[in-house]
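Chemist: let me see the structure of the following:
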Amino acid sequence: MLDRFADRLLDATVVGGFSRLGPAVRSRLGNWESFLPGCLSGLTVVVTGPTSGLGLAAALEFDRLGADLVLIGRDPDRVESVRTRLSGAERAVALVADMGDLVAVRRVAAQLLATGRPIHALVHNAGALTSDRLITPQGHEATIATHVLGPRLLTREVLALLDGGRVITVSSGGMYAAPLPRFDRGESPEMSLQRYDGTKQYAIAKRMQVTLNEIDATNHPNVTFSAMHPGWADTPGVRASLPGFAKVTAPILRTAEQGADTIVWLTATGRRYDSGRFWCDRAERPIHRLPTTRRTDDDANRSALTTWVDDAISAS
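Modeler: From the prediction side, this is the model:
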């Protein structure tokens, strides 16, 4: 009871729960599992965005645990460089795709299907927060395409390999401030050039990820879907995208390894956990903190969200 109270108190303060204080305290409150080298031996784990930050930290830990890794990155030299530094480099495969380019995503999905190897875990980590509005080859706003369309397409294409497996989506606590666009009223999640704000666009994409995680858990009961947020972690992406935030919060930022810990736990644990949940520091967290976001999260809007995303993928 006392442990649960302390955990909730950290969450309520936001800074306590999101900073390095969160894992430092929570890892001592409960009996956190330690994973032995080789515990993922013979299991395939697919990681997008593995060349830096959380993705790299997770990939290195999966390698230590003996997983057969499939690394998907947009820069061929960088993703191959990560592969060659792994202790199990001979068991790892480097594939090239920008997750915002749906043609490239389909190509990578076909490569995975051609192997016929079951996927134990598919980790959707690739992403970026950009100050400028960028457009993908298919004409979509890049943040929505990279965080939502590409991951959903890849998951859909390789479902046959995921039977009994896990899909883990790396979201962000920033989604707490973002309501769902009113898809049921014709709103688009893609911000126009005139009103574009990279931070808001990123938060909208992350909100969509978490909602779709719950929807997919219901629609695909043979796969365990999980979304998580890593807290405030010191990564190259944060330093490049939010330099002011990174500078001010530098003393309390988590390491990339602390931020990636829940990704690894959701992949490696033998504990049974419910599909469709949202996690941070190995515990389930609510997906809403504000009534403004909760009001947009109704059945009609969820249905319209799914239709919008699937139509966008199909049209591309």
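
Chemist: contacts, neighbours, all on C-alpha from now
Modeler: Will do.

Chemist: restrict the one helix or strand residue 304 maps to to CA atoms and write it as PDB.
Modeler: Using DSSP states H and E, residue 304 sits in helix 299-315. Provided in PDB are the C-alpha atoms of helix 299-315 (Å, rounded to 0.1, in the frame of the first residue of the first chain):
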ATOM      1  CA  ASP A 299     -16.700   5.800 -29.500                       C
ATOM      2  CA  ALA A 300     -17.700   7.900 -32.500                       C
ATOM      3  CA  ASN A 301     -14.400   9.700 -32.700                       C
ATOM      4  CA  ARG A 302     -12.400   6.500 -32.100                       C
ATOM      5  CA  SER A 303     -14.200   4.900 -35.100                       C
ATOM      6  CA  ALA A 304     -13.600   8.000 -37.200                       C
ATOM      7  CA  LEU A 305      -9.900   8.000 -36.200                       C
ATOM      8  CA  THR A 306      -9.500   4.400 -37.300                       C
ATOM      9  CA  THR A 307     -11.200   5.200 -40.600                       C
ATOM     10  CA  TRP A 308      -9.000   8.300 -41.300                       C
ATOM     11  CA  VAL A 309      -5.800   6.400 -40.600                       C
ATOM     12  CA  ASP A 310      -6.800   3.300 -42.600                       C
ATOM     13  CA  ASP A 311      -8.000   5.500 -45.500                       C
ATOM     14  CA  ALA A 312      -4.700   7.500 -45.500                       C
ATOM     15  CA  ILE A 313      -2.700   4.200 -45.700                       C
ATOM     16  CA  SER A 314      -4.900   2.700 -48.400                       C
ATOM     17  CA  ALA A 315      -4.800   5.800 -50.500                       C
END
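
Chemist: what does that helix rub up against?
Modeler: For helix 299-315, the surrounding residues in contact (CA atoms under 8 Å, 6 or more residues apart in numbering) are 102, 148, 149, 153, 182, 183, 184, 211, 212, 215.

Chemist: residue ranges for the strands of the stretch 51-200 of the chain, please.
Modeler: Here the stretch 51-200 of the chain has its strands, by DSSP state E, counting those that start in this stretch, at 68-73, 93-96, 121-124, 166-170.

Chemist: gap between residue 102 and residue 294?
Modeler: Distance, residue 102 to residue 294, by CA to CA, to the nearest Å: 31 Å.

Chemist: who has more neighbours out of those two?
Modeler: Neighbours were counted for residue 102 and for residue 294 using other CA atoms under 10 Å; residue 102 has more, 25 against 15.

Chemist: quickly note the distance from the more buried one to residue 149.
Modeler: Taken as CA to CA, the span from residue 102 to residue 149 is 8 Å.

Chemist: kindly report the same for residue 176.
Modeler: According to CA to CA, residue 176 stands 20 Å off from residue 149.

Chemist: tell me how this structure divides into domains.
Modeler: Domain segmentation of the chain under automatic domain parsing yields 1-32, 40-315.

Chemist: ok so, going back, buried among the contacts of helix 299-315? Need that as a selection in PyMOL.
Modeler: Restricted to buried positions by 16 or more other CA atoms under 10 Å, the PyMOL selection for these reads:
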select buried, resi 102+148+149+153+182+183+184+211+212+215
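
Chemist: in TSV: the contacts of helix 299-315, plus distance to residue 202 and pLDDT.
Modeler: Formatted as TSV, the contacts of helix 299-315 follow (distance: CA to CA, whole Å; pLDDT from 0 to 100):
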residue	distance to residue 202	pLDDT
102	19	98
148	11	98
149	13	98
153	19	98
182	17	98
183	17	98
184	21	98
211	15	98
212	15	98
215	20	98
